[in-house]
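> Here's my sequence, what's the structure:
(chains A and B)
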Amino acid sequence: MSTEPVLQIRDLEAWYGESHVLHGMEFDVRAGEVVALIGRNGAGKTTTLRAITGIVKKRAGSVKIDGTEAIKLRSDKIAKLGLGYVPEERGIFATLSVRENLLLPPAVKPNGMTEAQIYELFPRLQERARSQGTKLSGGEQQMLAIARVLRTGARLLLLDEPSEGLAPVIVQHIGRIICSLRDQGFTIVLVEQNFRFAATCADRFVVVEHGKVVDQVASADMDAKSGELAAYLGV
Amino acid sequence: MSYQALMAQLAIGVSNGAFYAMLSLGLAVIFGMLNVVNFAHGAVFMLGAFVALFLKLQLGLGYYASLILVPIIVGAFGVLADLALLKRLRGLDPLYGLLLTFGMTLVLEGIFRYFYGSAGVPYSAPEGLVGAVDLGFMIMPLYRFWVIVASAVVCFGTWYAIERTRLGAYLRAATENATLTQSFGINVPVLLTLTYGLGVALAGFAGVLAAPIYSVNPLMGSNLIIVVFAVVVIGGMGSILGAIVSGFALGILEGFTKVFYPEASNIVVFVVMAIVLLVKPAGLFGRAT
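Modelled structure (predicted):
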């Protein structure tokens, strides 16, 4: 595993209109790592991902992707640095078929998965290829949302609440897919409320409160710090 | 009422419907993507006819050359107008876009009225399209038949490009969620500008087709655009298929109304609009939001 951070966040601030949401977020993600951002509702986890992608436009500080400063770039330029974003609630386009959704994002880096490789990984998507995207079940939509970014060749994936609203058996399946992506060398930033789900794959937990990082726990230290993590999450 | 008179009104109705379809298609594409109620659509339709006239009188270029060149010229005008003016209004209430394009209409019509007055300048149809064609069940002016065919081809081509191609998938995705589409690496700002260019190019093409039927005059767009807005509302704001189907259907309805109850022919489209708004506010093919 390389020691150079693929993603370096320094003093990241972000606003929704007049509302100041992020107050100096700082953390690094190294190549091949799975880092889970955890924290209570409204802590700023989703906003952190949206600020990294450039979807939140009013932001300051530094976001470096593979050493390139992205804080002043438009979101389409940021994606081309090799970033794949799976939004909260999946972002499946209702007016597009499953296949059109899958093929929508252009390649941002070479060596993305082919359509055949995607269907091998997610056979259900091939069966439903002609269906309207939003006619899929929640689990199938989540698979489509992940599959969509795997085609682009992006090696840094931002996954926002991939387990949200899914049946336990589907959550397990999605968890296995994320672990398998880590094993293939993808770098993943995962936002999760479901701590148990995040724990199956994460190498490290970044705890977010009031728009800043308040603690970082390696998965090896998780047992020792489980009490503190539970307190952060309010469980 | 004789069969011939009925068929004659049907022919006029379908060819008027062809113009409604082409213009409402452009309006629907622009509204769907940019959320702009393009009031200048009638003015760029008129601009298309005047550019064709200019190419003929000043450069000696004929009708068929204009059919290709005018959409490119008018489309380029649209791209410049978007970059210089409309782009600044992105994200604001659609009312701002409507006011700006209404202002553009006044300026464009004012310029042409200053130079050409409002009487109109004739533009003759090319020799090959003069005369009539026997369709078996009716005899139709060849030029109106050509307008229907050309419009159907352009409408189908536009529908195909939007519904069946990768670029069309970008357009549909950006219409639904521009922010997310851009986060996938798609240059949405350029896509929006090109969409406005494409929408007004369609109006420019319709302007060339209209030049030999209506005299080329500065108000030719204003006379049509209010009906076209009604067509878009009936079809469903932003609906491509709705614009095409409603355009042709309402042209035919208007034609038949001229036969059976001429007094109502000018208002029949608006009566249909009122009924559709009461029964299905999102329009016949629109998606309720």
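> by contact count, what packs against the helix ranked longest in chain A?
What stands out as the longest helix in chain A, according to DSSP state H, is helix A:168-183. Secondary-structure packing of helix A:168-183 (3 or more CB pairs under 8 Å, 6 or more residues apart in numbering or on different chains; DSSP states H and E): helix A:138-150, strand A:187-191. For glycine as for every other residue, the C-beta is placed from the backbone atoms N, C-alpha and C.
> Between helix A:138-150 and it, find me the angle.
For helix A:168-183 against helix A:138-150, the angle by axes from the mean of the first three to the mean of the last three CA atoms, to 10 degrees is 10 degrees.
> so which of the helices and strands packed on helix A:168-183 is the most packed in?
strand A:187-191 (a mean of 26; mean count of other CB atoms under 10 Å in any protein chain shown).
> got the CA positions of that one in PDB?
C-alpha atoms of strand A:187-191 as PDB (Å, rounded to 0.1, in the frame of the first residue of the first chain):
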ATOM      1  CA  THR A 187      -9.700   3.700  -2.500                       C
ATOM      2  CA  ILE A 188     -13.000   4.300  -0.800                       C
ATOM      3  CA  VAL A 189     -14.500   7.000   1.400                       C
ATOM      4  CA  LEU A 190     -17.700   5.700   2.900                       C
ATOM      5  CA  VAL A 191     -20.300   7.800   4.700                       C
END
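> For chain A, which residues are neighbours of chain B?
A:53-55, A:74-76, A:78-80, A:85, A:87, A:91, A:93-96, A:100, A:103-106, A:108, A:148, A:152 (CB under 8 Å from any CB of the partner chain).
> pLDDT below threshold where in chain A?
A:1-3, A:235 (pLDDT under 70).
> returning to what we had before: check which residues of the longest helix of chain A are buried.
If you call a residue buried by 16 or more other CB atoms under 10 Å in any protein chain shown, then helix A:168-183 has these buried ones: A:170, A:171, A:174, A:175, A:177, A:178, A:181, A:182.
> Could you do stretch A:13-20 as well?
Result for stretch A:13-20 [16+ other CB under 10 Å]: buried residues A:13, A:14, A:15.
> from those, which single one is nearest chain B?
residue A:14 (14.6 Å; CB to the nearest CB).
> any idea of the angle the longest helix of chain A forms with strand A:187-191?
150 degrees.
> Next, the contact list for residue B:37, please.
Residues in contact with residue B:37, defined by CB atoms under 8 Å, 6 or more residues apart in numbering or on different chains, are B:27, B:31, B:94, B:97, B:98, B:101.
> and the one helix or strand the last one maps to, average pLDDT?
Read that as residue B:101. Following DSSP states H and E, one finds residue B:101 within helix B:94-116. Throughout helix B:94-116, pLDDT has a mean value of 94.
> Longest helix in chain B, please.
Max-length helix for chain B by DSSP H is helix B:3-34.
> in that helix, what counts as buried?
Quick answer for helix B:3-34 (16+ other CB under 10 Å): B:7-34.
> what helices or strands is the helix or strand just after it leaning on?
Under the assignment DSSP H and E, the closest C-terminal helix or strand after helix B:3-34 is helix B:41-59. Contact here means 3+ CB pairs under 8 Å, 6+ apart; on that basis helix B:41-59 packs against helix B:3-34, helix B:63-84, helix B:94-116, helix B:188-210, helix B:220-235.
> Can you dump the C-alpha atoms of the third one in CSV for me?
Meaning helix B:94-116. Coordinates of each C-alpha in helix B:94-116 appear next as CSV, following Å, rounded to 0.1, in the frame of the first residue of the first chain:
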residue,chain,number,x,y,z
PRO,B,94,-37.7,31.3,-14.9
LEU,B,95,-39.4,34.7,-14.9
TYR,B,96,-36.0,36.4,-15.4
GLY,B,97,-35.4,34.3,-18.6
LEU,B,98,-38.9,35.1,-19.9
LEU,B,99,-38.3,38.8,-19.4
LEU,B,100,-34.9,38.7,-21.0
THR,B,101,-36.1,36.7,-24.0
PHE,B,102,-39.2,39.0,-24.3
GLY,B,103,-36.7,41.9,-24.5
MET,B,104,-34.7,40.1,-27.1
THR,B,105,-37.9,39.7,-29.1
LEU,B,106,-38.6,43.4,-29.0
VAL,B,107,-35.1,44.3,-30.1
LEU,B,108,-35.0,41.8,-33.0
GLU,B,109,-38.4,42.7,-34.2
GLY,B,110,-37.6,46.4,-33.9
ILE,B,111,-34.4,46.1,-35.9
PHE,B,112,-36.2,44.3,-38.8
ARG,B,113,-39.2,46.6,-38.7
TYR,B,114,-36.8,49.6,-39.0
PHE,B,115,-35.2,48.2,-42.1
TYR,B,116,-38.2,46.3,-43.8
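> what's the next secondary structure element after that helix?
strand B:132-134.
> Any idea how far that following strand is from the middle of the chain?
26 Å (CA atoms, centre = their mean, to the nearest Å).
> Parallel or antiparallel, which strands does it pair with?
strand B:139-141 (antiparallel) (DSSP bridges).
> Pop out the phi and psi values for residue A:31.
Torsion angles at residue A:31 (phi, psi; degrees, to the nearest 10) stand at phi -60, psi 130.
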